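Peer 1: need a structure here:
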Amino acid sequence: MAHCRRPGRGLTLACATLTLLASGGEPGPGLLIRSARAETAPPPTAAPDAPPTGLPLVSGLPVTFAPLVRKVVPAVVNIAVTRDMDPASDRHLHVLPDVRGTPLERKFRERLRRHGEEMLGAGSGFIVDPSGVIVTNNHVVGDANNITVSLANGHELPARVLGSDDLTDIAVIKVESLTPLPFVRWGDSRHVQVGDWIMAAGNPFGLGSSVSAGIVSARGRDIGASPFDDFLQLDAPINPGNSGGPTFNMNGEVIAINTAIVSPTGGSVGIGFSIPSEIVIPVVEALRTQGRIDRGWLGVTLEDVDGQDGSRVVDLDKGGPAQKGGVRKGDFITTVGADRVENARTLIRVVAAAKPGTVLPLTVRRKAATVVLQVPIGARPADDGRDNDGDDQ
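Peer 2: Residues are numbered from 1 along each chain as shown. Sure thing, here's the model as predicted:
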């Protein structure tokens, strides 16, 4: 199966492949199959009597998600990235490896011939404005020229990229519609708690719109994808093709974007990651209005030292903002502006949020002395933070 993996992490981006799951045959390696028959076991020990505790800790569990699905799914879209091909020729038709030899192969070929295109990828997205503004993952659309959006009512519309951001893996695309489109509203991921119910929607394996439900398993996950990792971990099934789809709270508000999974097989094993809305919203607004993200940058390489406050500077970019502002190798940066620096990632995020050209006070510990420096913030280079093992800022 063709996977989209982030190097050395065992992570599969939930992007565009078509795969048959549970299609019959013998169980694969590593699967433990248990019989459904009853097994003899000692009688259970009765639990000791406990006084009543009043109201249950968990109540109001959903009997059905159907009302939520009806409310939000019309705004969830499927996204196909294609290139033109000769519809009379079968020679160059690309069929995804996991479809070959299955009943889906013929259907897949016929669909592509009808459209005269070769599919390069597929994913999901959601409409955030009735004018046709759609949010998805950057790795779904990339630098694509041919993007087709399939609405919930079956209509297909061409789309163009308004802007994309590789570091947060967020993209905004736009379709033109003669009538207002259904849309969803943002929720505040800062209010999301571990254990909250959520519903994920998308286009798994390119099969079409579907939903899955689960809970928030953890917050603040760093999976090594970028300096800005701060994922929600979900146990709702998220599979290839779900990338860019929304994660909803029980009010039908988008609190995250489905982005990545950990999987030894390429399919869901109950460990999925979504970008929280508190990160997504400002990026989306900037991409809608400017088409890009302007981030602050210091030009330092950092490392965290156990037992030490702040983050240590181990290298400086020649002529960079930090060097111009008087930062030296070996300095421990402990505060930036009014923000305390807990580690390198804290510093990176605080500086990135600053507008290039502003001057920020940096408090550094230099041997036994504490020094406050006035450092002009530069503009973060477009390729900074990728394909680098260090914490660069």
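Peer 1: Pass me the low-pLDDT residue ranges in the stretch 1-150 of the chain, would you?
Peer 2: Scanning the stretch 1-150 of the chain for pLDDT under 70 picks out the ranges 1-59, 61, 83-120, 143.
Peer 1: what does the stretch 251-393 of the chain give?
Peer 2: 263-269, 383-393.
Peer 1: quick one, strands of it?
Peer 2: 254-262, 272-276, 296-297, 300-303, 311-316, 332-336, 339-340, 359-366, 369-376, 378-379, 391-392 (DSSP state E, counting those that start in this stretch).
Peer 1: Direction included, what does the fourth one pair against?
Peer 2: I take that to be strand 300-303. Here strand 300-303 is paired, per DSSP bridges, with strand 311-316 (antiparallel), strand 391-392 (antiparallel).
Peer 1: Report the buried residues of it.
Peer 2: By 16 or more other CB atoms under 10 Å, the buried positions in strand 300-303 come out as 300, 301, 302. (Each C-beta comes from the backbone N, C-alpha and C, glycine too.)
Peer 1: what's the closest non-adjacent residue to the last one?
Peer 2: Same thing as residue 302. Spatial nearest neighbour of residue 302, excluding adjacent residues (CB to CB, 6 or more residues apart in numbering): residue 344 at 4.0 Å.
Peer 1: Would you mind confirming that that neighbour makes contact with residue 304?
Peer 2: Yes: between residue 344 and residue 304 there is a contact under CB atoms under 8 Å: 5.5 Å.
Peer 1: quick one: which of the two has more around it?
Peer 2: More crowded of residue 344 and residue 304, by other CB atoms under 10 Å: residue 344, with 23 against 16.
Peer 1: And the helices in the chain, which stretches?
Peer 2: Assigned by DSSP state H, the chain shows helices spanning 66-72, 103-115, 138-141, 277-290, 321-324, 344-353.
Peer 1: so which of the ones you listed comes closest to residue 359?
Peer 2: helix 321-324 (9.7 Å; CB to CB).
Peer 1: what residues are up against residue 213?
Peer 2: 65, 197, 198, 199, 200, 236 (CB atoms under 8 Å, 6 or more residues apart in numbering).
Peer 1: Least confident of these?
Peer 2: Within the set of the contacts of residue 213, pLDDT is lowest for residue 236 (85).
Peer 1: Any idea how many residues pack against it?
Peer 2: 23.
Peer 1: Which residue is the nearest non-sequential neighbour of it?
Peer 2: Setting aside the residues directly before and after it, residue 236 is nearest to residue 214 in space (CB to CB, 6+ apart), at 3.1 Å.
Peer 1: tell me the domain ranges of this structure?
Peer 2: 66-175, 186-278, 296-392 (automatic domain parsing).
Peer 1: Check those for me and report the most buried one.
Peer 2: Among those, domain 186-278 has the highest mean neighbour count (mean count of other CB atoms under 10 Å), at a mean of 21.
Peer 1: and of the contacts of residue 213, the nearest to residue 310?
Peer 2: Nearest member of the contacts of residue 213 to residue 310, counting by CB to CB, is residue 198, at 35.5 Å.
Peer 1: does the closest one have beta-bridge partners, and which?
Peer 2: Beta-bridge partners of residue 198, as defined by DSSP bridges: residue 214.
Peer 1: Hmm, it is touching residue 248, no?
Peer 2: Yes: judged on CB under 8 Å, residue 198 makes contact with residue 248 at a distance of 6.5 Å.
Peer 1: Thanks a lot, see you next time.
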